[in-house]
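K.L.:
return atomic coordinates for the entry below.
(chains A, B, C and D)
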Protein chains: 2
Amino acid sequence: MSLRHALLGLLHDGPASGYDLTKMFESRLERFAWHARHSQIYPELNKMAVDGLVEVIEEGPRGRRTYAITEVGRTDLHDWMMNPPADPQVRSEPLLRMFLLSTLDAEDARPLLRAHADSAAATIDWLRRETAEIPADPDETQLAQRILNEIGLRQNQAEYDWAMWAIAQLN
Amino acid sequence: MSLRHALLGLLHDGPASGYDLTKMFESRLERFAWHARHSQIYPELNKMAVDGLVEVIEEGPRGRRTYAITEVGRTDLHDWMMNPPADPQVRSEPLLRMFLLSTLDAEDARPLLRAHADSAAATIDWLRRETAEIPADPDETQLAQRILNEIGLRQNQAEYDWAMWAIAQLN
DNA sequence: TGAGGCATGTAAGAAGTTACATGATTTG
DNA sequence: CAAATCATGTAACTTCTTACATGCCTCA
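P.N.:
As a prediction, this is how the structure comes out:
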């Protein structure tokens, strides 16, 4: 039920429509943590409303429905946050590819590692630009954003460093 | 089709049964890269055999069937390895939880970050022990293993450092 | 008035999970 | 001979992807 909790988590910051949440997934979660399309988000919001985790608080133009998290939703989110499973499950196609690197010879592995490094470097650039836009005297949301950007920066720096190191190992 | 390619990748190292591959997933892939259960692996191997990507090369006791990758399978794996998608999709529940940290107050966030750090530290310990077992003069497989352990070490070190830094930020 | 973005939806199929089910072989 | 492990499978269900489908609103 990670999708459900991702949505609750996003709604914790304030009410939003399915359309807004789809955009939030794209801009905030999809790159590092979770991925979902609108075709999964809209039905899930409807189910969550039936289950009382969210409620429609406004109907706008073009059939727009703005959802807000309910008290039940908050409790559910809090429980999920505070009880992580012992055996976390991860699915990362880029990392899987790296784990299967030994199936390639050095000539093929090198450009793949290079691409991996380039991709990490591009993400670092992007996160640095994002972070630079946060004012020196941030509010709580901006402070939280800074902490999140930091995990992305450190992770991608590790990926970059590793890829460069691995290229050196091939030689 | 990541499962398919994960299986082809594991079979690239040598023939194995569905049972062996299930164990390999548990010990090698599941923690960092991909996750699959035997109930998904066995049917997939059968489909892959129909598609000519793998073949049964031996039938052993208890109905054991040993699969080997075919030339078609090798080509398919190589294509997949060399053509990573532009927008990699990642799903990580632990990271999602960190991305939703701002839904908690500081008293709740602290132990969660602590647990995140502990988990990274435990993984680092485990990887260090694994790496120490690799002889000083490794063969090709062992060298590849060392490169993989290194990515895990660096990633988890980044996670650990970040979590400790984040705890400090809360104060 | 046309293009782009806003806004939501469904249907079919693929992928993945959980639970049930069975039996052989090895080892202490 | 009992327990652990080896070994494979299916059924029902949930989750996720891809493609199709529709129409409104805003701005240049």
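
K.L.:
how about the residues of chain A by DNA strand D?
P.N.:
A:1, A:2, A:3, A:35, A:36, A:37, A:39, A:40, A:61, A:62 (C-beta under 7 Å from any atom of the strand). Backbone N, C-alpha and C define where each C-beta goes, glycine included.

K.L.:
quick check: the third one touching residue A:42?
P.N.:
It stands for residue A:3. No. The pair residue A:3 and residue A:42 does not pass the contact test of C-beta atoms under 8 Å, sitting 11.7 Å apart.

K.L.:
spit out the residues that contact those two alike.
P.N.:
Shared contacts of residue A:3 and residue A:42 (C-beta atoms under 8 Å, 6 or more residues apart in numbering or on different chains): none.

K.L.:
wait, a strand at residue A:55?
P.N.:
Yes. Assessed by DSSP: H, G, I helix; E, B strand; the rest coil, residue A:55 belongs to a strand.

K.L.:
that one - how many residues pack around it?
P.N.:
Around residue A:55 there are 15 other residues, counting by other C-beta atoms under 10 Å in any protein chain shown.

K.L.:
distance of it relative to residue A:13?
P.N.:
16 Å (C-beta to C-beta, to the nearest Å).

K.L.:
returning to what we had before: buried among the residues of chain A next to DNA strand D? Make that a ChimeraX selection.
P.N.:
Selection of buried members from these for ChimeraX, criterion 16 or more other C-beta atoms under 10 Å in any protein chain shown:
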select /A:2,3,35,36
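
K.L.:
can you redo the residues of chain A next to DNA strand D as CSV with secondary structure?
P.N.:
Shown next, in CSV, are the residues of chain A next to DNA strand D (three-state DSSP):
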residue, secondary structure
A:1, coil
A:2, helix
A:3, helix
A:35, coil
A:36, coil
A:37, coil
A:39, helix
A:40, helix
A:61, helix
A:62, helix
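
K.L.:
and the closest residue to residue A:109 other than its chain neighbours, how many neighbours does it have?
P.N.:
Leaving aside its sequence neighbours, residue A:109 sits nearest to residue A:101 (C-beta to C-beta, 6 or more residues apart in numbering or on different chains; 5.5 Å). Residue A:101 has 20 neighbours, counted by other C-beta under 10 Å.

K.L.:
give me every residue that touches residue A:101.
P.N.:
Counting by C-beta under 8 Å, 6+ apart, residue A:101 has contacts A:109, A:112, A:113, A:166, B:144, B:147, B:148.

K.L.:
backbone dihedrals for residue A:69, please?
P.N.:
phi -70, psi 140 (degrees, to the nearest 10).

K.L.:
that one and residue A:54 touch, don't they?
P.N.:
Yes. Residue A:69 lies in contact with residue A:54 (C-beta under 8 Å); the separation is 5.7 Å.

K.L.:
for chain A, which residue occupies the most central location?
P.N.:
residue A:29 (2.0 Å; C-alpha atoms, centre = their mean).

K.L.:
what does the pLDDT read for it?
P.N.:
Model confidence at residue A:29, given as pLDDT, is 95.

K.L.:
repeat that for residue A:88.
P.N.:
89.

K.L.:
quick one: residues contacting it.
P.N.:
By C-beta under 8 Å, 6+ apart, the neighbours of residue A:88 are B:92, B:93, B:94, B:119.

K.L.:
kindly recompute the last result at 10 Å.
P.N.:
B:30, B:31, B:35, B:92, B:93, B:94, B:95, B:96, B:97, B:116, B:119 (C-beta atoms under 10 Å, 6 or more residues apart in numbering or on different chains).

K.L.:
and those residues, which is closest to residue A:123?
P.N.:
Set against residue A:123, the nearest of the contacts of residue A:88 by C-beta to C-beta is residue B:95 (13.9 Å).

K.L.:
DNA strand C contacts on chain A?
P.N.:
Checking chain A against DNA strand C by C-beta under 7 Å from any atom of the strand, the hits are A:17-20, A:22, A:38-39, A:42-43, A:45-46, A:60-65, A:89, A:91.

K.L.:
tell me the domain boundaries of chain A?
P.N.:
A:2-82, A:93-170 (automatic domain parsing).

K.L.:
strands along chain A, start to end?
P.N.:
With DSSP state E as the criterion, chain A has strands at A:16-17, A:54-59, A:65-69, A:90-92.

K.L.:
and of those, who's closest to residue A:80?
P.N.:
strand A:65-69 (12.7 Å).

K.L.:
buried stuff in that closest one?
P.N.:
Those buried within strand A:65-69 under the rule 16+ other C-beta under 10 Å are A:65, A:66, A:67, A:69.

K.L.:
contact partners for the last one?
P.N.:
When the contact criterion is C-beta under 10 Å, 6+ apart, the partners of residue A:69 are A:7-16, A:48, A:53-55, A:76-77, B:103.
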